[in-house]
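Engineer: Need a 3D model of the sequence below.
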Amino acid sequence: MRSGYFITGTDTDCGKTVVTLGLMRLLQSQGHQVLGMKPVAAGSVQTADGLRNDDALRLQAQASRPAAYERVNPYCFNPPIAPHLAAAQAACEIDFARITACFEQLAEGADRVLVEGAGGWCVPLGADRTLADLAVSLGLPVILVVGLRLGCINHALLSAEAIRASGLPLAGWIGNQVDPAMREREANIATLQQWLDAPCLGVIPHLADPSAGAVSEFLRLPTHC
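Structural biologist: Below you'll find the model as predicted:
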């Protein structure tokens, strides 16, 4: 098992990036050299250096040492659409071998590499492969980010079932309150704790400024994996 975690979520905009940044900060506070990676990103802007995705740039900035953007985010697409559709529009095939090579290069100078997925666990990355297949190819334990809002229980349980079916360990889950007006928040969290057979690694309230440091205060690391 490689040294790091694969961060996935119940759906788009559930808070994968802020959680990944918070986990990076937590690991760094314990003396670890940590790098972040977002293998596939759709929704980018054209810069003088090429296409750049904001989430990937934030992971690059949080890193314990400089890392080339092309290694942090080897596949970057312009339109904010499903990755396989963006790749098709760019006439590009997402090559897992290239992603693995970038991961290994990042891992050479780090104690941990945290890999952030795109969308949810079963998002297609091509004609016959999904984000889950990429996670399996990297062989990392998985941390599930649950966007706390109406419907999150079903999304979380289905995601956890699919993660386990892949053969990868579910190292834990993190609740992130994306809906500031969520009703029955505590009851929903209690239900998730009862039904998800994995440790809760933290519950993040709705934050006005979800900086890496602020988020890390609500997190803990898995005791295994």
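
Engineer: hey, let's count contacts and neighbours off CA atoms from now on
Structural biologist: Noted.

Engineer: Which residues outside stretch 152-160 are in contact with it?
Structural biologist: G9, T10, D11, W121, L144, V146, L170, N188, T191, L192, W195, L196 (CA atoms under 8 Å, 6 or more residues apart in numbering).

Engineer: at 10 Å instead, please
Structural biologist: Applying CA atoms under 10 Å, 6 or more residues apart in numbering, the set of residues contacting stretch 152-160 from outside is 8-11, 14, 120-122, 142-148, 162-163, 165, 169-170, 172-173, 175, 188-189, 191-192, 195-198.

Engineer: gap between it and the chain center?
Structural biologist: Computed by CA atoms, centre = their mean, to the nearest Å, the separation of stretch 152-160 from the middle of its chain amounts to 16 Å.

Engineer: Put the alpha carbons of that stretch into PDB.
Structural biologist: In PDB, the C-alpha atoms belonging to stretch 152-160 read as follows (Å, rounded to 0.1, in the frame of the first residue of the first chain):
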ATOM      1  CA  CYS A 152     -26.400  12.800   2.200                       C
ATOM      2  CA  ILE A 153     -27.200   9.600   4.100                       C
ATOM      3  CA  ASN A 154     -28.100   7.700   0.900                       C
ATOM      4  CA  HIS A 155     -25.200   9.200  -1.000                       C
ATOM      5  CA  ALA A 156     -22.700   8.200   1.800                       C
ATOM      6  CA  LEU A 157     -24.000   4.700   2.200                       C
ATOM      7  CA  LEU A 158     -23.900   4.000  -1.500                       C
ATOM      8  CA  SER A 159     -20.400   5.500  -1.800                       C
ATOM      9  CA  ALA A 160     -19.100   3.500   1.100                       C
END
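
Engineer: buried residues in that stretch?
Structural biologist: C152, I153, H155, A156, L157, S159, A160 (16 or more other CA atoms under 10 Å).

Engineer: same deal with stretch 186-197?
Structural biologist: Quick answer for stretch 186-197 (16+ other CA under 10 Å): N188, I189, L192, L196.

Engineer: Could you look up the SS state of the residue nearest to V19 when sequence neighbours are not counted?
Structural biologist: Leaving aside its sequence neighbours, V19 sits nearest to V215 (CA to CA, 6 or more residues apart in numbering; 6.9 Å). Assigned by DSSP: H, G, I helix; E, B strand; the rest coil, the conformation of V215 is helix.

Engineer: In helices, which of the contacts of stretch 152-160 appear?
Structural biologist: Members of those lying in helices (criterion: DSSP state H): A162, I163, A165, N188, I189, T191, L192, W195.
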